[in-house]
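A.B. asks: Sequence first, then the predicted structure:
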Amino acid sequence: MAPNVQLRSSTTESSESMRNDDNDPFLLNFSPCLIEEHLKKTNCKRNPSCVFGLGESSPEGVLQVEKITKRLYETALQGRKTKEIPFAGLRNLGATCYANVVLQFLFFLRPFREAILNTDTSLLQSKNSGNDEKNSDESQMSQLEKSIIELQLLFATLLKGLSSCVSPKKFLEALDLTTFVEQDIQEFVNLLLSLVEKYFRNSPTKRYETLISDLFQGSRRFVTTCHSCGQVSDASRTGSSFTELQVSAYKSGSVEDSLSNMVMEELLTGDNQYFCEFCSGKRDASRKMVFDRLPPVLMLQLLRTTFDLTSGEKKKTHAKIAFPLEIDFHRLLDMDIHEMKKYRLKAICFHRGSSAYCGHYTVQLFDDARNKWFEFDDAQVKSSTPNLSLWKSDCSSGNIRDCVSNERRKRTKLQVMDNSSNDATNSAMLSSTSACLLVYVLNDNLYRFGDLEESNLPDVLQSLVNSENTELNVAFEAEKASVDSKVTEMERQKSEYLSLLPKLLAWNCTETSDSVSYGYIPTNWLKEWVKVRNENMMPIDCSPYTCEHGGLNPQSIIHVKRIGQEAFDWLMEKYGANSLHLRGPQCHCMICVNNLNDHIANAEVWKRRNDEFISHLMMNSKDSSSSDSEKKNLVPNSSVAYVEKDFFKRWKKLSLSCREGSDFVRKLTKWVKECSLSKYCVHEKLVVEDWKEISWGLGKHLYDLLQFVSRDVALCFDFFVIFQTDSHSPFCDECHEKFTEKKEEMLSNRMSKRQEKASLSELMKPRYYLQVVRFLVQQMKNRQTAEGSTFASNEESRYLISSSWFQSWSDYLNNNGKRPETSPLEGLICEHELLLYDLSTADDLFDRRVLCVSASCWEEIVRAYMEGCFDVNGVKLEMKEEMDGCCRGVFSLPTCHSCMNVWKNPEDKDEIELVLIKVNELEEIKDKGYLSLDSLELYSTCIKSEMMTTRRSRVLRVQCSPNNSISELKLIIFQYLDIVPVAQQLYLGREVHLVHASSSLKDCNISNGSLLFLYIDKSKVDNGSEEFCALPEESKVELGFMGSQLFGL
């Protein structure tokens, strides 16, 4: 028997490379690699002396301790403010990004921040002292005070807290806001300012009573001047306050242009003349918006949402809007003020997303103390753009665009442009496609933005923040101590590796002197050792690489590394070993080397013999396959053998694909050991269908080959190869007979299906080719093209079949379904043995239950499925020409109208199907020829109902309830076609216009399968309408701040 050795399992190692190492089986001639060779290269697998590239330079390697240390400290201090980013973010509680943006912007505004922090703190003191006395009838003012207290605590934590992320949960809960619904940012900021103003006005100190109006409110009025008398109207002297200016962002443009158009003079002439109270009559006049006062904090709302009348929903625009960093609003708005007062851009709010109903809000804020922009994206805060002074210095030279990186400009959609030619401003211009709110602040030290270092807290708030900071410091110190211990351990591991690195190299391994010594360590263990690890190393285990003789297996040399004796002894002493030590030349097993060489030589011999049999099989088809007649004859034949089919296929495939003998033997050995024995039947015999008949010589070769590759597997009689030498048969005759019968039955069914497909080839067409209306269209075309011959000469009769039977028959032939057992006329014949189908109205043309086939096809259906049935004659459809010259379809079986009425209008049916045809002109509906039953155009339109189902289709099927009203039906059509109900005109037939919105479908005699015509009034779609436009139930309904403390302010 061949020696029990195992070939190399690596597919990359060929037998040729093995053969090159016959004189050096343990690769002693390979010298160690240099570290410079493996800076960007993995370890040399074929060189056991190479100890570099094992992962020491990977992100987790010991040579990357500095980077790992930096990453650990950054992670440990991630929740703490830094000198570079001294601001805290706000946690998103679901869909509260809009609130986070507003709170950050108001917190940065120093006058507002100090007013909130320094307002009356007596309630906060009572809350901290544990005073829970409250009136039984709690007023709205108490809830308002609670909201302001939570806002105070939130601002105090943002100002003096150490955490880099603060949760606004308590403040939003005090406002009773829903955290999973996104709101409009401009609406929220106005309501929040109204809430704070209400508190300041009711505050007992009255210190900040007018703060909100002083900061955010301006005054404007419309001045109307009569051209006849030159007088100004009395109403022009009355002004109105505002907190923001709305700028159109539907088309690309600039903020300056929109503001300039806002104050342009408007002429009131013609039908739009102004009634002058001084002239007592209508006169030509001019009207102009005049700004009396601008607030120090001016908010510009960019209107990016429009209402689409076609869909009934809001849509967002992405036009590019340009706005300056610095602007003189007084000059731009043509205000009569001699002193130039400039405003600087301090906040830019962005709405990211394509929908007007959902998205994400972020904000960029400017800090006056650092002269720098910062981006706030919920909990994340980062520096966003370069220093503002750099922008201004490069503006005149046209290099401002270079100051913003392409990556940054692409991500924020914020671009810098040169605007030196603008008259109102001489600063850089920004442009954005997602900016929705701009905040300009008067360039005055009273309204500084950011500048947190100059703000202080009252004693009560400072004590609360100090207690929170103490807890955070304790947690931070504990985390830092843990990181310090990890860093110390990593430094120790790095120093251990660097000190041992020179000793790992094993030189002069080919010398035979006693002074030369080395040892072998598993490569996998070294890969773990050169990485940063948190746990202790496992002991060194060399048992998987030793042979049965206790030495190093030559086949395992590529899985171990050869290191110097000193390093080997140090690692063994420190980490220990679970098996024998592989030290020095004495650990090499020469017995396994000799066995390996013999095995490779034998493998080449078997490969040559194998190639001879493969060549013979390719030339002789008799040996490669056996006929079914030979399989049926199980009489013993001494010249044949049987081989398992799976083994034969694998053996043949490997013989053709493997070039080298060792590669072939290794793969075949692996497959033999992984596969299972042949399965026995219930009678404990073999199934002949799982075996293949081959020649005796090939069977003997395969049997000997199996003995060679399966030395450690006990061969059984039926293990892959069986020789038939006596009268005893190992195969089961009973199972073979059952298999043969089943196979014959399958062949018979397959043949019958093939014959049925040939005889009923007409039914193999798509369903819409069998429609009744298609037959009618074809007959009418024949009638119109017939010249000098009667209509009956071109006529072909048809027979009706059930659509449900047709579907069952198709599944039976194509999807291995069950053979149809029902009648082809199922559902078409009522209990009175009359027809449940009628062509007296156009509605029945759309009945999906009915199909029609030719007479020859019907005869085949009767022969195959209707023998012995009473309705073998079927229902015949013929075209009959009447006195008026029209031709109509006539059935051989009369229609049962009573059953038809019950079917169309069932009492317990909750859902009906209507057929909707879109028309381009009203004349198509009122045209009698279009709706007549012999109309070729109507029939052609009906055919498309089965083939076209998109929203652009002219024919559409609509599911609804008979109890739905006309208005509800229009809403359902709106869901299908996105056409607003006000633009829909529905017609039932030629004359009936469905105008009563409250009438039900049942009251309008609309039943299942009714035919409706839809005309779209494009004037109401394009130009809009003042009428009520109801939205579908699934449309987006905006509840705003209903149910919160902000509702009603």
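C.D. replies: Sure, I can see it.

A.B. asks: List the buried residues of stretch 475-495.
C.D. replies: Going by neighbour count (16 or more other Cβ atoms under 10 Å), the buried part of stretch 475-495 is 476, 479, 483, 486, 487, 490, 493, 494. Glycine gets a C-beta too; all of them are placed from N, C-alpha and C.

A.B. asks: State the mean pLDDT of it.
C.D. replies: Mean per-residue pLDDT for stretch 475-495: 89.

A.B. asks: follow-up on the earlier one: now, the buried residues of stretch 475-495 that are in helices?
C.D. replies: Taking DSSP state H, the ones among the buried residues of stretch 475-495 that sit in helices are 476, 479, 483, 486, 487, 490, 493, 494.

A.B. asks: Strands along the stretch 851-1000 of the chain, start to end?
C.D. replies: With DSSP state E, counting those that start in this stretch as the criterion, the stretch 851-1000 of the chain has strands at 876-881, 887-891, 912-919, 955-960, 984-988, 992-993.

A.B. asks: swap in the stretch 551-700 of the chain?
C.D. replies: All strands of the stretch 551-700 of the chain, identified by DSSP E, counting those that start in this stretch, fall at 560-564, 640-644, 691-695.

A.B. asks: List just the one of the strands of the stretch 851-1000 of the chain that sits closest to residue 319.
C.D. replies: strand 984-988 (31.8 Å; Cβ to Cβ).

A.B. asks: what is the orientation angle of the closest one with strand 912-919?
C.D. replies: Between strand 984-988 and strand 912-919, the angle comes out at 110 degrees (axes from the mean of the first three to the mean of the last three Cα atoms, to 10 degrees).

A.B. asks: Partner strands of strand 984-988, with direction?
C.D. replies: Sheet pairing for strand 984-988, assigned by DSSP bridges, gives strand 992-993 (antiparallel), strand 1011-1016 (antiparallel).

A.B. asks: Minimum distance to residue 364: which of those strands has it?
C.D. replies: Closest approach to residue 364 among the strands paired with strand 984-988 (Cβ to Cβ): strand 1011-1016, 45.5 Å.

A.B. asks: picking up where we left off before, TSV for the buried residues of stretch 475-495, including distance to residue 226?
C.D. replies: Shown next, in TSV, are these (distance: Cβ to Cβ, whole Å):
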residue	distance to residue 226
476	73
479	76
483	79
486	84
487	83
490	86
493	91
494	89
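
A.B. asks: wait, which of those is closest to residue 576?
C.D. replies: Nearest to residue 576 among those is residue 493, at 17.6 Å by Cβ to Cβ.

A.B. asks: need the contact list for the closest one.
C.D. replies: By Cβ atoms under 8 Å, 6 or more residues apart in numbering, the contact set of residue 493 is 62, 65, 532, 533.

A.B. asks: Please report how far the residue nearest to residue 972 when sequence neighbours are not counted lies from residue 987.
C.D. replies: Sequence neighbours aside, residue 960 is the residue nearest to residue 972 in space, at 5.4 Å (criterion: Cβ to Cβ, 6 or more residues apart in numbering). Distance of residue 960 to residue 987, computed by Cβ to Cβ, to the nearest Å: 17 Å.

A.B. asks: quick one: which of those two has more around it?
C.D. replies: Comparing residue 960 with residue 987 by other Cβ atoms under 10 Å, the one with more neighbours is residue 987, at 20 against 17.

A.B. asks: Identify the bridge partners of that one.
C.D. replies: Beta bridges link residue 987 to residue 993, residue 1013, judged by DSSP bridges.

A.B. asks: how near is it to residue 1012?
C.D. replies: Counting by Cβ to Cβ - residue 987 and residue 1012 are separated by 7 Å.

A.B. asks: list residues touching both of those two?
C.D. replies: residue 994.

A.B. asks: pretty sure residue 1001 is in contact with residue 960, am I right?
C.D. replies: Yes: with contacts counted by Cβ atoms under 8 Å, residue 1001 reaches residue 960, the gap being 7.0 Å.

A.B. asks: residues shared between the contacts of those two?
C.D. replies: With Cβ under 8 Å, 6+ apart as the test, residue 1001 and residue 960 both reach 912, 969.

A.B. asks: Show me what counts as buried in stretch 42-51.
C.D. replies: By neighbour count on 16+ other Cβ under 10 Å, the buried set for stretch 42-51 is 43, 44, 47, 48, 49, 50, 51.
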